[in-house]
Structure formats: structure tokens, C-alpha cells
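Participant: next come a sequence and a model predicted from it.
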Amino acid sequence: MSQLKKNIDLSSYHTFGLPHKTDALFEYESEKELIHFLKTESHKFKNLMPIGSGSNLLFTQTYHGCLLHNRDLHIKVTDRNETYTIVQTGGGLDWDDFVAWTVAQKLYGLENLSLIPGTTGATPVQNIGAYGVEVRSFIKSLEAIEIATGRKYTFSNADCRFGYRDSIFKNEWRNRFVVTSVIYQLLNAPQFNVNYGSLKQEIDRLGSLNQENVRKAVINIRNSKLPDPDVTGNAGSFFKNPVVTQTTASKLLEQFPAMPNYPAEDSSVKLAAGWLIDQCGLKGYQTQKGAGIHDKQALVLINKGAKNGKDILELARYVQARVKSQFGIELEPEATIL
Ligand code: EPU
């Protein structure tokens, strides 16, 4: 059953856990309920915006509008051929519950993406990725409802224009559609990707290379580096890893030979924002107002008792200024600031 809630506290609707409010929040369990709401009631609200589990959002004030919260949790196998099994999920399904399900079904591909916070409907929006894998490799298509009209669309993988932590839904089509369902294309046989530094080591420590151990290793590494949002409010990596030209990277490497750098698209170079912030001596830093930088991974901003998202934003701006003055690099937030 769908529900419209007014003037509610958002603490439990986003992983920073800040007590900002929203004018309205519409919760729905099926595409049909959402379409009905958009066609009959939505004209009463401004700023309609979809949210999943709020694991990539920083609220800094009351949200004057209506948030559309997906609670459609269905999983359905829709097709299977020699190579792939096609699985459709409701966009409100918890991502890691889904990854656990794929492992139980012996469907391969998503194990490196274990324990990433969020819902399946949010995964294409920022093309989630970890340990050498991005979700775009396993998305066949998705279904979305246009907010202004309530009309349903199906988009292919190519339509989504995926990039590093990016898709058309984060740019031209920001807040134009609600992703109601994602259709994944999963491998029937394993094709493990364990080249990421510490992953191979952790799998060796656990024993043999199999899907359960890849999932376990990823979970162990994440737990050792990243704060649990149920305990300490955070939004994962707060900044994107900056992508620079080869010339810029070479100049920086002359000065900082230990700087991590990875080849990226179009012969550019990706740097590690966490390393840059760490080099500024900011790991574990905390402000008087309760905003902090995680002591095991400097890319993660944390809530250490802040009551206002502006205090986290202030720290983010300070981090950007320090990295800019030390390395000449502009960090771009990965989290959406509202
Ligand atoms: N590093 C430091 N100090 C730090 C943090 C990192 O020196 O405080 C160094 C590390 O030693 C390593 C390099 O920086 O040499 C990269 O660090 P890490 O391997 O932890 O990965 P990352 O680039 O910081 C990215 C993703 C994470 C993802 C990991 C693993 C982005 C913005 N972040 O982090 O994603 O889990 O790789 O694949 O791409 C997220 O998006 O919320 C997220 C957590």
C-alpha cells in the first residue's frame, strides 16, 4: 500500500542520519501506485525527487518538495539462455540483499559489489562500482516512469550513457525519471575479477577462489575500511576520484612519486582522492560542529554528532580547499548535496 507522509523527519531516510525534514514523502510498493500518484496528486507538490535508501545524499536544509520513496522489493527471473540469466528487480530492493540472493542462486558477476549501501533502483543512476567492477556491465535495461507525465519508458544499457560514477540520470535527466525496475543480466558461470590489490590476498587467506569467498573477502575489506552507516552516519566516498590529463599526472608524480594513479578512459589518469586528502594530514580530522573524516579512509566524511548538514558541507569545502592548495586539484563531490 502506498502512503503519503507530510512534514516528516528524514533521519532514517538517508545514511548521514541528519535531522532535516521534508515537506512530503510518498512511499509506494508498485509501479502502478507511483503512476496513479503522479497522474492524480503530483500537481499538488513541487520538486518531486526519487530517493532510494539515501546512501548518497547530504541534506543541508528542509526539503521543500515531495520525495518519492520506492518500496517495490520484487525479484523475478524473466529469461535464461546458455550464458546469462535475466533477473528483474523492484527498484526499492536493498542492493546487498539482492547480491546475497544472486550468490545463493549461483548467478555470477555482482559479488565484487557486495555490501554497497543503497537500493537496486539507485545502482544505474550513479553506476556503482568497487574492486574493479561496475554495475553497468550487468545491467541489460531498466524501466522508468517520467515524473511529469506518469508515462513508462524502457531504457537499454546504451541509453543510460554510463560513465565512472555517472549516467544520464545524474545529468540531463536528473530528477526527470524514477527508476522503478532494473533488469540485470547475470552470468551462469563464474568470471571472477580479483585483480584489485588486497582482494586477492584476502581470498587467499579465506581459502579457495569461489563466489562465496569473493563476497566474504569484499565484505571483510569494506568492513575494515568503511564505517557502518547504521553506527556512524556517512555517504560512502564523498568525492569522486579526480581524472586528470597525463601531463598533470606526470608533473604531480615528479613531486609525489608515491601518488597512486590508474589509467582511465581516453588516456587520462585517475588519481585517488582518499590519498590526496590523507596527504593533507586530514584523516581522522574532526570539527567542533561534529563533522569528521573517517580515520581509515579519508574519502569518507562522517557524522560525529552534527545536527545540520551544512556543518558536513563546510568540512567538505575545507577539504576541497586544502587539496586544491596542496595539489592544484579540484575535488568534485560524489554525493548529491541538497
Ligand atoms: N588511500 C590513502 N589514504 C586514504 C584512502 C586511500 O592513502 O585515506 C590510498 C589507498 O592506499 C589506495 C588508494 O588511495 O592506494 C585508493 O584507495 P581505495 O583502494 O580505498 O579506493 P578508493 O579509490 O579510495 C574507490 C571507490 C570506493 C570503492 C573502492 C574499492 C570512488 C570514489 N570510490 O575508493 O567506493 O569501494 O574504490 O573499489 O571511486 C563509494 O563509492 O562510496 C565507495 C566506497
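Facilitator: Received, thanks. Residues are numbered from 1 along each chain as shown.

Participant: name the helix or strand for the residue in the stretch 101-250 of the chain that the ligand sits nearest to, please.
Facilitator: Ranking the residues of the stretch 101-250 of the chain by distance to the ligand (Cβ to the nearest ligand atom) places residue 236 first, at 2.3 Å. Every residue, glycine included, has its C-beta placed from N, CA and C. Assigned by DSSP states H and E, residue 236 falls within strand 233-237.

Participant: cool, and residue 214?
Facilitator: Assigned by DSSP H and E, residue 214 falls within helix 211-225.

Participant: and the pLDDT for residue 263?
Facilitator: Looking at residue 263, its pLDDT stands at 89.

Participant: tell me how many other residues crowd the nearest residue to it once chain neighbours are set aside.
Facilitator: Excluding its sequence neighbours, the residue lying closest to residue 263 (Cβ to Cβ, 6 or more residues apart in numbering) is residue 269, at 6.6 Å. Neighbour count for residue 269, taken as other Cβ atoms under 10 Å: 20.

Participant: hey, what's residue 269 bridged with?
Facilitator: Going by DSSP bridges, residue 269 is paired in beta bridges with residue 244, residue 263.

Participant: in contact with it, which residues are there?
Facilitator: If you count contacts by Cβ atoms under 8 Å, 6 or more residues apart in numbering, residue 269 has them with 243, 244, 245, 246, 248, 249, 261, 262, 263.

Participant: gap between the nearest residue to residue 171 once chain neighbours are set aside and residue 126?
Facilitator: Closest residue to residue 171 apart from its sequence neighbours, by Cβ to Cβ, 6+ apart: residue 161 at 7.9 Å. Residue 161 sits 13 Å away from residue 126, going by Cβ to Cβ, to the nearest Å.

Participant: one more: residue 75?
Facilitator: 22 Å.

Participant: which one's more surrounded, the two?
Facilitator: residue 126 (23 against 16).

Participant: which residues are common contacts for residue 161 and residue 126?
Facilitator: In contact with both residue 161 and residue 126: residue 167, using Cβ under 8 Å, 6+ apart.

Participant: need the per-residue pLDDT for the residue nearest to residue 263.
Facilitator: 95.

Participant: got the residues of the stretch 151-300 of the chain near the ligand?
Facilitator: 225-226, 236-237, 240-241, 260, 272, 274-275, 278, 283, 297-299 (Cβ under 6 Å from any ligand atom).

Participant: now, which of the residues you listed lie within strands?
Facilitator: Using DSSP state E, 236, 237 are the members of those that sit in strands.

Participant: from the residues of the stretch 151-300 of the chain next to the ligand, list the buried ones, please.
Facilitator: Among these, those buried by neighbour count (16 or more other Cβ atoms under 10 Å) are 226, 236-237, 240-241, 272, 274-275, 278, 283, 297-299.

Participant: quick one: average pLDDT of the strand holding residue 236?
Facilitator: Averaged over strand 233-237, pLDDT sits at 95.

Participant: likewise for stretch 78-92?
Facilitator: On average, stretch 78-92 scores 97.

Participant: for it, measure first residue to last.
Facilitator: Taking Cα to Cα, to the nearest Å, stretch 78-92 runs 18 Å from one end to the other.

Participant: what does it rub up against?
Facilitator: Stretch 78-92 has contacts (Cβ under 8 Å, 6+ apart) with 29-30, 52, 69-77, 98, 102, 105, 107, 119-122, 140, 178-189.

Participant: kindly list the longest strand within the chain.
Facilitator: Ranked by residue count, the top strand of the chain under DSSP E comes out as strand 177-187.

Participant: hey, C-alpha coordinates of that one in CSV?
Facilitator: The C-alpha trace of strand 177-187 is given here as CSV (Å, rounded to 0.1, in the frame of the first residue of the first chain):
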residue,chain,number,x,y,z
PHE,A,177,12.5,9.9,-14.2
VAL,A,178,12.1,7.4,-11.4
VAL,A,179,13.9,4.1,-12.0
THR,A,180,11.2,1.6,-10.9
SER,A,181,12.8,-1.6,-12.0
VAL,A,182,16.2,-2.8,-13.1
ILE,A,183,16.8,-5.7,-15.4
TYR,A,184,20.1,-7.4,-14.7
GLN,A,185,22.0,-9.8,-17.0
LEU,A,186,23.9,-12.2,-14.7
LEU,A,187,26.5,-14.8,-15.7
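
Participant: many thanks, have a good one.
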